[in-house]
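[1] Sequence first, then the predicted structure:
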Amino acid sequence: MKNILITGGAGFIGSHVVRLFVNKYPACQIFNLDALTYAGNLENLTDIESASNYTFLKGDITNEKYIEALFQEHQFDSVIHLAAESHVDRSIIDPLAFAKTNILGTMVLLNSFKNLWQDKWEDKLFYHVSTDEVYGTLGEEGLFTETTSYDPNSPYSASKASSDHFVRTYGETYNMPYVISNCSNNYGANQFPEKIIPLFINNIINHKKLPVYGDGKYTRDWLYVIDHAIAIDLVFHKGENGETYNIGGFNEWQNIDLIKLLCQQMDLKLGRTKGESEKLITYVTDRPGHDLRYAIDATKINKELGWKPSVTFEEGLSKTIDWYLDNKTWMNNIINGDYINYYKKQYN
């Protein structure tokens, strides 16, 4: 029996990973550590909250004494580290918060794991979940590979790049077993509505404007969140010690094309006139340091671990829209005063 700590497990990606591990590995004790800040929501996990192999722990990963005590008490064999500040726009407003959580928080976890096992590393693993944004930006051609040089362009991506380096450092210095994965943009159920897809779904429902940065031609590689959770499971169990795996959807979309597809599907599902939602598109001032294009080469994880996306983007987007339309109460509970104030400040 393993005691697996999953940090950030009440967040968007983390909740899908927690659900997968709780249901798939009943012989393992799954501990979900989350500070329940604005993007953490225990409503994401109501279906497994009573499972006998699941424990929720509320706490901040930057609290060194608390984290050290948790490791000593629960003897975590493995860590899957997803807890992070993750929104570029917020990092531009408050970069210190990102440095604290993403860099210091990761170091606290690494140090507590090191102190607990003291070189007794057999069957132990620290799995750090990162982002493709650490690689910077691409031109019209090319893909990010596991050997692409780091070139972050925002406080968010710089903080994640730094945390990646610290994980590798603990592997080299203390022989700590680790793996890292860098993933492209995720979408799906339970995503906090500051991200483009749930934000625009909610705005379309309520006939609000759809704020598009710049000319809308920024390109991203999109991955259905359940496929990401499955990839994390594979890397955790079959990944090679000290390796990095890029996880992408083989699925590039310019923002404006994605938004138009979203509008088309929403009009159809809401019974609106074709083209009605596209009229809500409004171009707004671009954000500083906006990366032109991200694109992941996921060949390594495909060939070595047998992973590939299970749905097309059109299928995944349709499933995502259906979930939000069926869970309007979840969305309404999320959109509190703090979020509304942030939204007004960010998009004028």
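    Yep, it's here.
[2] Quick check: which ranges of this protein have low pLDDT?
    Across the chain, the stretches falling below the confidence threshold (pLDDT under 70) are 336-340, 342-343, 346-348.
[3] For it, just list every one of the strands.
    3-7, 29-34, 54-58, 78-81, 125-131, 178-183, 185-187, 210-213, 219-224, 244-247, 252-254, 281-284 (DSSP state E).
[4] Tabulate these in TSV, adding columns for distance to residue 21 and mean neighbour count.
    C-beta: built from backbone N, CA, C; applies to glycine. Shown next, in TSV, are these (distance: least, Cβ to Cβ, whole Å; neighbours: other Cβ atoms under 10 Å):
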stretch	distance to residue 21	mean neighbour count
strand 3-7	7	24
strand 29-34	5	25
strand 54-58	9	15
strand 78-81	8	23
strand 125-131	12	23
strand 178-183	15	24
strand 185-187	17	22
strand 210-213	36	19
strand 219-224	18	23
strand 244-247	17	25
strand 252-254	30	18
strand 281-284	39	14
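[5] quick one: which of these is nearest residue 333?
    Residue 333 lies closest to strand 29-34 among these, at 16.7 Å (Cβ to Cβ).
[6] strands paired with the closest one, and their directions?
    Neighbouring strands of strand 29-34 in its sheet, by DSSP bridges, are strand 3-7 (parallel), strand 54-58 (parallel).
[7] Now do the last one: distance to the chain's middle.
    Averaging C-alpha positions (Cα atoms, centre = their mean, to the nearest Å) puts strand 54-58 19 Å from its chain's average.
[8] likewise stretch 12-30?
    15 Å.
[9] Now tell me what touches stretch 116-123 from outside.
    Residues from elsewhere that reach stretch 116-123 (Cβ atoms under 8 Å, 6 or more residues apart in numbering): 2, 71-72, 75-77, 124, 174-177.
[10] My error: substitute stretch 43-52 in the last question.
    The list of residues contacting stretch 43-52 from outside it, by Cβ under 8 Å, 6+ apart, reads 9-12, 15, 18-19, 22-23, 26, 32, 42, 54, 56, 190, 330, 333.
[11] repeat that for 10 Å
    Outside of stretch 43-52, the residues within contact range by Cβ atoms under 10 Å, 6 or more residues apart in numbering are 9-12, 14-16, 18-23, 26, 29-30, 32, 34, 42, 54, 56, 189-192, 327, 329-330, 333-334.
[12] Just the C-alphas of stretch 104-121, formatted as PDB.
    As requested, the backbone C-alpha atoms of stretch 104-121 are provided in PDB (Å, rounded to 0.1, in the frame of the first residue of the first chain):
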ATOM      1  CA  LEU A 104       9.200  28.400  -2.500                       C
ATOM      2  CA  GLY A 105       6.200  25.900  -2.200                       C
ATOM      3  CA  THR A 106       8.000  23.400  -4.400                       C
ATOM      4  CA  MET A 107      11.200  23.700  -2.400                       C
ATOM      5  CA  VAL A 108       9.300  23.100   0.900                       C
ATOM      6  CA  LEU A 109       7.800  19.900  -0.600                       C
ATOM      7  CA  LEU A 110      11.100  18.700  -1.900                       C
ATOM      8  CA  ASN A 111      12.900  19.400   1.400                       C
ATOM      9  CA  SER A 112      10.200  17.600   3.400                       C
ATOM     10  CA  PHE A 113      10.400  14.600   1.100                       C
ATOM     11  CA  LYS A 114      14.200  14.600   1.400                       C
ATOM     12  CA  ASN A 115      14.100  14.900   5.200                       C
ATOM     13  CA  LEU A 116      11.600  12.100   5.500                       C
ATOM     14  CA  TRP A 117      13.400   9.400   3.500                       C
ATOM     15  CA  GLN A 118      17.100  10.400   3.900                       C
ATOM     16  CA  ASP A 119      18.500   8.400   0.900                       C
ATOM     17  CA  LYS A 120      16.100   5.500   1.400                       C
ATOM     18  CA  TRP A 121      14.700   6.100  -2.100                       C
END
